[in-house]
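S.K.: Pasting the sequence and the predicted coordinates here, then a few questions.
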Amino acid sequence: MLSVVIPVKDDAPALRRCLEALSRQTRHPDEIVVVDNASTDASADVAAQGGARVIPCATPGIAAASACGYNAARGDVILRLDADCIPAPDWIETVVAAFVRRPTASVVTGGAVFTDGPPRLRRPLAALYLGAYVTVGFVTLGHAPLFGSNLAFTRRAWLRVRDHVHRSDPELHDDLDLSFHLGEYHRVRLIPARTMGISMRPFDDPQAFARRIARGFRTVITHWPYDLPPLRWDRRLLRRTLAAARRRDRPASRGHA
């Protein structure tokens, strides 16, 4: 069973486009969960009209809303995107294929392409915007960061970390916070950016964009000192070394038996 989770606050027109795009998927989800984060517009009505299950969340912030949606989701695999996303028709099919190719995979994520704004700027700005996020993520985490607009993970993986994610701070990036927790235990697999379209509106307001950057730093620092890069890298290296040793020992153990 597949669940799609969409947190939303006062974004009814964009949500309608997102739900319309989900209705055109080559592989339909079993449920769509829209988390209404105390919207004052018609977001909840749009969600209900689009066939989604609407979950209210009064706690402010996308981190709280997202976690509420993950908890409410019934699927074995939970897909996440934002209300202003426009997924390609094969987005869900691509996510499912990634899990099928890697039966042990628990987390997949990918980038996105801009669907609005000046056509000549869409590709270079997407490369700059998402490239900077991935670069900082690799340095900070030791692996690719999760991108909330194009993300999926197993319910089992979520249950392992849900008591550790930060839900009460609206000034944190929920996908970067989730990167720290899911990335601690699971290898992050990648899917193509072409499967997801996003809006260029983060660049419309310089002050809002600056807040995004500040939230990124806040999210990282919140996890220190436990997740200081050298400490996190050492833990990941140790886990991989131990996992490789266990894999080497298994055939020998079966042969001996």
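M.R.: Sure, I can see it.
S.K.: Give the burial count for the residue lying closest to R122 once chain neighbours are set aside, as a bare number.
M.R.: Across the structure, with CB to CB, 6 or more residues apart in numbering as the measure, the residue nearest R122 apart from its sequence neighbours is F114 (4.0 Å). Any C-beta I mention is one placed from the backbone N, CA and C, and that applies to glycine too. Other residues within reach of F114 by the criterion other CB atoms under 10 Å amount to 22.
S.K.: For F114, give me its contacts.
M.R.: With contacts defined as CB atoms under 8 Å, 6 or more residues apart in numbering, F114 is in contact with L121, R122, R123, L125, A126, G197, I198, S199, M200.
S.K.: what sits against the fourth one?
M.R.: To tie it back to what came earlier, the one meant is L125. In this structure, L125 makes contact with F114, G117, M200, F203, judged by CB under 8 Å, 6+ apart.
S.K.: just to revisit the earlier point, can you tell me how far the residue nearest to R122 sits from R24?
M.R.: When CB to CB, to the nearest Å is applied, the distance between F114 and R24 equals 20 Å.
S.K.: so where does R27 fall, helix or strand?
M.R.: Of the helices and strands defined by DSSP states H and E, none includes R27.
S.K.: my guess is it meets A97, correct?
M.R.: No. Applying CB atoms under 8 Å as the test, R27 and A97 come out as separate, 9.1 Å apart.
S.K.: what's the spacing between L141 and V107?
M.R.: 12 Å.
S.K.: Return every residue with contacts to both of these two.
M.R.: Among the neighbours of L141, those also in contact with V107 (CB under 8 Å, 6+ apart) are G183.
S.K.: burial of L79, as a residue count?
M.R.: Count around L79 with other CB under 10 Å applied: 24.
S.K.: Next: Y70.
M.R.: Neighbour count of Y70, defined by other CB under 10 Å: 23.
S.K.: Likewise for R246?
M.R.: Other residues near R246 number 10, with proximity taken as other CB under 10 Å.
S.K.: quick one: what helix or strand has it in it?
M.R.: R246 belongs to helix 229-256 when elements are defined using DSSP H and E.
S.K.: which helices and strands does that helix pack with?
M.R.: In terms of contacts (3 or more CB pairs under 8 Å, 6 or more residues apart in numbering; DSSP states H and E), helix 229-256 is packed against helix 119-141.
S.K.: buried subset of the contacts of L125?
M.R.: Among the contacts of L125, those classed as buried by neighbour count (16 or more other CB atoms under 10 Å) are F114, M200.
S.K.: Quick check: the farthest pair among the contacts of L125?
M.R.: Pairwise distances among those were taken by CB to CB; the largest, 9.3 Å, belongs to F114 and F203.
S.K.: that older thread, between helix 119-141 and the helix holding R246, find me the angle.
M.R.: Taking axes from the mean of the first three to the mean of the last three CA atoms, to 10 degrees, helix 229-256 and helix 119-141 form an angle of 70 degrees between their directions.
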